[in-house]
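S.K.: Provided below are the primary sequence and the corresponding predicted coordinates.
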Amino acid sequence: MSAIQSYKSVLLVDDDPTQIAILTAYFAGQNVTTIMSAGDPCEALTTLAQHLESTDLVVTDLQMPNMDGVEFLRHLKTLGYDKNMAIVSGVSQGIIDHTVQLAKMHGLNIIGCIRKPLTKNMLDAVFTTKLEEGLSAAPLEDQSLTLEEFTGAMRAGKIIPHYQPKIDLRSGKIMGAEALARWPRDNTAPVSPVVFIDFAEKNGTIEELTFRLFGSVLIDLKGFLAIDPDQKIAVNLSPVMMQNIKLPDQIGQLMQEAGIRPSNISFEVTESSILDLDTNTLEVLSRLRISGFDVAIDDFGTGSANIQTLKNFPYSELKIDQSFIKNVTTDDFSDETVRASIALARQMDMKIVAEGIHNDDILQFVRATGIEQAQGFHLAKPMSAQDFSHLLAHGNGQIDVSSSSSAA
Ligand code: C2E
Ligand code: MG
Ligand code: MG
């Protein structure tokens, strides 16, 4: 049975009568009983308000008079519409992708996106198979890694943490750093952590790698704390790790042995790994939080977390993904995503960190939004433990965040 039979009442929103006609004919042919249409978003909102309960699918264009699609999405949310949505548009795939992210953050259920010109096959692909989305990136190649080379390097201590400073945007103070795995491979180009972390997750060595890295972090952190006792190091936790319900005890023991307090460590879990919290993950995160560790949501905006997801667990920090931050001054959709993320974080009383500060324009923009902390190549790139210690000790623990154009 095709999924389209579950739609009873559809609202089509497009300023182009030809598109409305095509879509009307299509849904009529699929036995949808009520097909409503609107030539502009204001009219659509009025119609939807009158049929909020019965409407179970909204199909909308993104470029329309009076109100663009992004604004329309926000109004849909305000109106309380939380059922299916599909986007039909002539704008670029990148803009469509951003809009989908934003819609998901608003809690809207996007069942698919179709680029004009419409064909029956494209409509069938979305409305009769309920495609979730077309966003996920192709899996990364493993760059010809072998398990032997990888475990050899890991056990020889060749995979080590580097540290990217996290900066307070009001004062410029270095609050701590994110530990990022680095593998300077012998006689070959370095492998991206995205690749070898994925590799380790797939071949069952991620836990060993994480514990080895964590051990190095604790040693390095002792040195950082000798310079500034308030430094906090963020450690990335793979979703696979959160299936191990002994994890909080194992971490607690290592912390005790190192004599380091939980307030000097935070953990980062990706947004995608917390969308559906299973009991193990929830237990692991809860026990880490109860022990006094901060838990941050990483890469926020790339998944479909909304206020409901955030309410499931008391996260301490939200890190807005760099794909939005780096375009925030040039792209309305990134700007909207960042603003929506800030609003969500504020409601949940979470600290916000912006990742991917590439230049001074972005830095000043982000500072003006009131976001508390930032990371980015423009502020400081990931560096060795020695370089980070040096920065803390000799850079006065500060990075200049004032506008580089205002020399005064
Ligand atoms: P992430 O946790 O979101 O880390 C931030 C990434 O953004 C880092 O990439 C960092 O170098 C990069 N970055 C920061 N500022 C900028 C900027 O201004 N421009 C650009 N282009 N990039 C910036 P990196 O080190 O390549 O790590 C990529 C991902 O690999 C990390 O994303 C994280 O998901 C994963 N990863 C790295 N180390 C570990 C680890 O020890 N354990 C786990 N589970 N994952 C790790
Ligand atoms: Mg991270
Ligand atoms: Mg991130």
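M.R.: Cool, got the structure. Ligands and ions are numbered 1, 2, ... in the order given.
S.K.: closest point of the stretch 51-200 of the chain to ligand 2, which residue?
M.R.: Among residues of the stretch 51-200 of the chain, the one nearest ligand 2 by Cβ to the ion turns out to be Glu178. It sits 5.4 Å away. Where C-beta positions appear, they are placed from N, C-alpha and C, glycine not excepted.
S.K.: Find the nearest non-adjacent residue to that residue, please.
M.R.: Beyond its immediate neighbours in the sequence, the residue positioned closest to Glu178 (Cβ to Cβ, 6 or more residues apart in numbering) is Ala234, lying 4.3 Å away.
S.K.: ok, that neighbour touching Val295?
M.R.: No: counting by Cβ atoms under 8 Å, Ala234 sits too far from Val295 to count as a contact (10.0 Å).
S.K.: of the two, who's got more company?
M.R.: A count of neighbours by other Cβ atoms under 10 Å puts Ala234 above the other of Ala234 and Val295, at 27 against 21.
S.K.: partner residues bridging the residue of the stretch 51-200 of the chain closest to ligand 2?
M.R.: According to DSSP bridges, the residues that bridge with Glu178 are Gln164, Ala234.
S.K.: Next up, the contacts around it.
M.R.: By Cβ atoms under 8 Å, 6 or more residues apart in numbering, the residues touching Glu178 are 163-164, 166, 233-234, 236, 268, 375, 382.
S.K.: separation between the residue nearest the centre of the chain and ligand 3?
M.R.: Here the mean C-alpha position of the chain is nearest to the C-alpha of Phe300 (Cα atoms, centre = their mean), at a distance of 2.4 Å. Distance, Phe300 to ligand 3, by Cβ to the ion, to the nearest Å: 8 Å.
S.K.: Other residues contacting the least confident helix or strand in the chain by mean pLDDT?
M.R.: Taking mean pLDDT, DSSP states H and E as the measure, the helices and strands of the chain show their lowest mean at helix 93-105, namely a mean of 76. Outside helix 93-105, the residues within contact range by Cβ under 8 Å, 6+ apart are 62, 69-70, 73, 85, 87, 89, 110, 113, 115, 133, 135, 301-306, 331, 333-334, 336-337, 340-341, 344.
S.K.: try stretch 180-190
M.R.: 153, 158-164, 191, 193, 196-197, 209, 213, 236, 382.
S.K.: ok, back up a step: quick one: which of the contacts of helix 93-105 sit in helices?
M.R.: Judged by DSSP state H, the contacts of helix 93-105 include 69-70, 73, 333-334, 336-337, 340-341, 344 as members of helices.
S.K.: What is the nearest of those residues to Ile357?
M.R.: Ranked by distance to Ile357 (Cβ to Cβ), the ones in helices among the contacts of helix 93-105 are led by Ser334 at 13.3 Å.
S.K.: which residues touch that closest one?
M.R.: If you count contacts by Cβ under 8 Å, 6+ apart, then Ser334 has 98, 323-328 around it.
S.K.: By pLDDT, rank these and give me the bottom one.
M.R.: Among the contacts of Ser334, His98 has the lowest pLDDT, at 74.
S.K.: Return the set of residues that bridge with Val58.
M.R.: Where Val58 sits in a bridge, its partners, by DSSP bridges, are Leu11, Met85.
S.K.: hmm, the stretch of helix or strand Met175 belongs to touching ligand 3?
M.R.: In the assignment (DSSP states H and E), Met175 maps to strand 174-182. No: where contact is defined by Cβ under 5 Å from the ion, no part of strand 174-182 touches ligand 3; the two come within 8.2 Å at best.
S.K.: Do any residues in the very next helix or strand once past that strand lie close to ligand 1?
M.R.: Beyond strand 174-182 on the C-terminal side, the first helix or strand identified by DSSP H and E is helix 193-202. Yes: where contact is defined by Cβ under 6 Å from any ligand atom, part of helix 193-202 touches ligand 1, namely 193-194, 197.
S.K.: buried sites along the top helix by length along the chain?
M.R.: With secondary structure taken from DSSP H, the chain has its longest helix at helix 206-227. Along helix 206-227, these residues count as buried under the neighbour rule (16 or more other Cβ atoms under 10 Å): 206-207, 209-210, 212-214, 216-218, 220-221, 224-225.
S.K.: Run through who's touching that helix.
M.R.: Contacts made with helix 206-227 from outside it, assessed by Cβ under 8 Å, 6+ apart, are listed as 154-155, 157, 159-161, 163, 177, 179, 181, 197, 200, 231, 233, 235, 237-238, 240-241, 244, 250-251, 254-255, 258-260, 264-265, 385, 388-389, 392-393, 397.
S.K.: same deal with stretch 258-270?
M.R.: Contact with stretch 258-270 is made by 176, 178, 217-219, 221-222, 225, 230-237, 239, 242, 255, 285, 288, 291-299, 302-303, 316-317, 319, as judged by Cβ under 8 Å, 6+ apart.
S.K.: how long is that stretch from one end to the other?
M.R.: 27 Å (Cα to Cα, to the nearest Å).
S.K.: Please apply the same query to stretch 170-189.
M.R.: End-to-end distance of stretch 170-189 (Cα to Cα): 38 Å.
S.K.: And it, what's buried?
M.R.: Within stretch 170-189, the residues scored as buried using 16+ other Cβ under 10 Å are 173-183, 185.
S.K.: What of stretch 48-68?
M.R.: Buried, per 16+ other Cβ under 10 Å, within stretch 48-68: 48, 55-62, 64, 68.
S.K.: Which positions in the stretch 151-300 of the chain make contact with ligand 2?
M.R.: In this structure, the stretch 151-300 of the chain approaches ligand 2 at residues 236, 268, 298, judged by Cβ under 5 Å from the ion.
S.K.: so the last one touches Val235, yeah?
M.R.: In other words, Asp298. No: taking Cβ under 8 Å as the definition, Asp298 is not a contact partner of Val235, at 10.9 Å.
S.K.: per-residue confidence at the residue of the chain positioned farthest from its centre?
M.R.: The C-alpha centroid of the chain is most remote from Gly29, which lies 38.8 Å away (Cα atoms, centre = their mean). As predicted, Gly29 sits at a pLDDT of 81.
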